[in-house]
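A.B. asks: sequence isn't available, so here's the structure alone:
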Ligand SMILES: Nc1ncnc2c1ncn2[C@@H]1O[C@H](COP(=O)(O)OP(=O)(O)OP(=O)(O)O)[C@@H](O)[C@H]1O
Ligand SMILES: [Mg+2]
């Protein structure tokens, strides 16, 4: 069986809006029928716009939220019923929350976790050495958590989630507040743990570079629905058909009128011309532009993941307007 | 196995101690306040014994001892407002405690035992020593009484923790946690015998107080210390403390687990 198996998973929240007689119950379908499975040893990116249902899904996978419908199995356990048993097998990190002990030095939190998860002393030392070196914890290992910067704390939180060598890591925005160097370190650490001991990771992130560098597979969720499940390349091909030709003209011109393409931005003599793969190609477009105005230089931009995702989010948002219903 | 089991509690207790020991300024301020109030309470209570005599089994010496001992114990059992758990519930941080393979109340109790040790050393013992130097206090008549007093303090800490956990857990349901907390603390301060000894209460009120768990937090260890409760009564007193400790811990756990069920089903 797959390490994570999710079938037709649902979560509805009943919220009360308004006040007095006007109060009404509104059912929010945060997760609305999601099915996927994750095999051991993969790194899966779980992305979607704000409020899409990512954190809600992670909470159901870790057992701190009971599904309203559907089935979940993680490492052979039903999370909401066997939360404590599952806890020893998984590592969880919510970037938005403090899981370390606020008033204690970082190392004390780790020591306490060693006893909570019954990690043998020698093993613990090795793991802490490895994680400490990978995330550069040395300088603030003895600092109370409340005095750490956001980025330092996040690195501590990630260490705390990995010290007991979980089979699977659930990371909800693990790189929030990290600088470029720290981000890179986190990515390297996850890739290494994945390569060396087959660690399985499910991570949500709004940083698409994380997703691009780490994930062999991407799940896109929007308004509680899974709108994409597959590899990064396929995602780009399917949604990122639009490429952009950037041309530098001899002198500023009004937006050029070229067949099968449209100018999306003008800045002095530079113009950005977007075109669909199916309708034209770069060679034909270049010839057309050259015929209209003298060209000095040009570059071709392939769609990057940001564009792709922006497009999916925009389409999804118009596609399912009425997801709340009044009960 | 039981020892290995308790090992985790010991580790939590160590960190509980360290967490409070990390704030020496707060501890010092607390010690200062405790001592000042000790003097005030000792003088006020002494006024009751101008003409000698006894009230509810307390003579002058026992009453002075009571005044200083309660000052020290109140800090140790933490009779004052405590919102650590309630705050985690209200912010939702409690969810992160649930993904640990340890019951949060067990962790909390062990942590609190560590805290109480820190407070006993730095805020509990000093006022009693100061009081005994300035006023002179009665001390237990022998090692058996000291032992009973120690046991009684330990049980008082557990009763106090369980009670605090209960009014904190109310945050799962109540938006008005402030009101509940004030009510709970007021009841605890009064009925535990912190304001005046329970034995000083008018009879019906004393009967009410004795039917609550509050004397088990404070009055019982004091009564043992000053010898108002002695002999076989000590065993009965300890047994009732134990019963309250178990009962309140069960109640706290039951409520907490129900709150968690509500949280995980409704999403807070
Ligand atoms: N406890 C709750 N009660 C009511 N509604 C909730 C609750 N938790 C989440 N929701 C709603 O469910 C939806 C999904 O929320 P969720 O936190 O899963 O989004 P997300 O994808 O993690 O978003 P973000 O990127 O902002 O973190 C939102 O509309 C949110 O308002
Ligand atoms: Mg989220």
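C.D. replies: Received the coordinates, thanks. Keep in mind the model is a prediction, meaning the values are calculated, not measured. Numbers count the residues shown, from 1 in each chain, chains lettered A, B, ... in the order given. Ligands and ions are numbered 1, 2, ... in the order given.

A.B. asks: list the buried ones in stretch A:293-300?
C.D. replies: A:293, A:298 (16 or more other Cβ atoms under 10 Å in any protein chain shown). Where you see a C-beta, it was placed from the backbone N, CA and C, and this is true even at glycine.

A.B. asks: just stretch B:180-199 next, same as before
C.D. replies: Neighbour counts using 16+ other Cβ under 10 Å place B:180-181, B:184-185, B:188-194, B:196-199 of stretch B:180-199 among the buried residues.

A.B. asks: residue B:152 versus the closest residue to residue B:193 other than its chain neighbours, what's the distance?
C.D. replies: Distance criterion Cβ to Cβ, 6 or more residues apart in numbering or on different chains; nearest residue to residue B:193, sequence neighbours excluded, is residue B:219 at 3.4 Å. Counting by Cβ to Cβ, to the nearest Å, the separation of residue B:219 from residue B:152 is 10 Å.

A.B. asks: was I right to think the residue nearest to residue B:193 contacts residue B:197?
C.D. replies: Yes: using Cβ atoms under 8 Å as the test, residue B:219 is close enough to residue B:197 to be in contact (6.7 Å).

A.B. asks: what residues does chain A put near ligand 2?
C.D. replies: A:54-55 (Cβ under 5 Å from the ion).

A.B. asks: check which helix or strand covers the closest residue to residue B:35 other than its chain neighbours.
C.D. replies: Here the nearest residue to residue B:35 in space, its sequence neighbours aside, is residue B:127; by Cβ to Cβ, 6+ apart that works out to 4.8 Å. In this assignment (DSSP states H and E), residue B:127 forms part of helix B:125-134.

A.B. asks: report the mean per-residue pLDDT for the host helix or strand of residue B:25.
C.D. replies: Using DSSP H and E, the element containing residue B:25 is helix B:24-46. Averaging pLDDT along helix B:24-46 yields 88.

A.B. asks: what residues sit buried inside the following helix or strand past that helix?
C.D. replies: Using DSSP H and E, the helix or strand that directly follows helix B:24-46 along the chain is helix B:60-77. Of all the residues in helix B:60-77, those buried under the rule 16+ other Cβ under 10 Å are B:60, B:62-77.

A.B. asks: over to stretch B:220-234?
C.D. replies: Buried residues in stretch B:220-234 (16+ other Cβ under 10 Å): B:220-229, B:234.

A.B. asks: circling back: ok, then the element right after the helix holding residue B:127?
C.D. replies: helix B:143-169.

A.B. asks: please name every helix or strand in contact with the next helix or strand after that next one.
C.D. replies: Downstream of helix B:143-169, the next assigned helix or strand under DSSP H and E is helix B:177-191. Applying 3 or more Cβ pairs under 8 Å, 6 or more residues apart in numbering or on different chains; DSSP states H and E, one finds that helix B:177-191 contacts helix B:84-91, helix B:143-169.

A.B. asks: the shortest one to helix B:177-191, inter-axis angle?
C.D. replies: Right, the one you point to is helix B:84-91. 170 degrees (axes from the mean of the first three to the mean of the last three Cα atoms, to 10 degrees).

A.B. asks: and the next helix or strand after helix B:84-91, what does it pack against?
C.D. replies: Note on helix B:84-91: by DSSP H and E, the next helix or strand toward the C-terminus is helix B:94-98. If contacts are counted by 3+ Cβ pairs under 8 Å, 6+ apart, helix B:94-98 sits against strand A:90-94, helix B:84-91, helix B:104-119, helix B:232-266.

A.B. asks: most tightly surrounded among these?
C.D. replies: strand A:90-94 (a mean of 25; mean count of other Cβ atoms under 10 Å in any protein chain shown).
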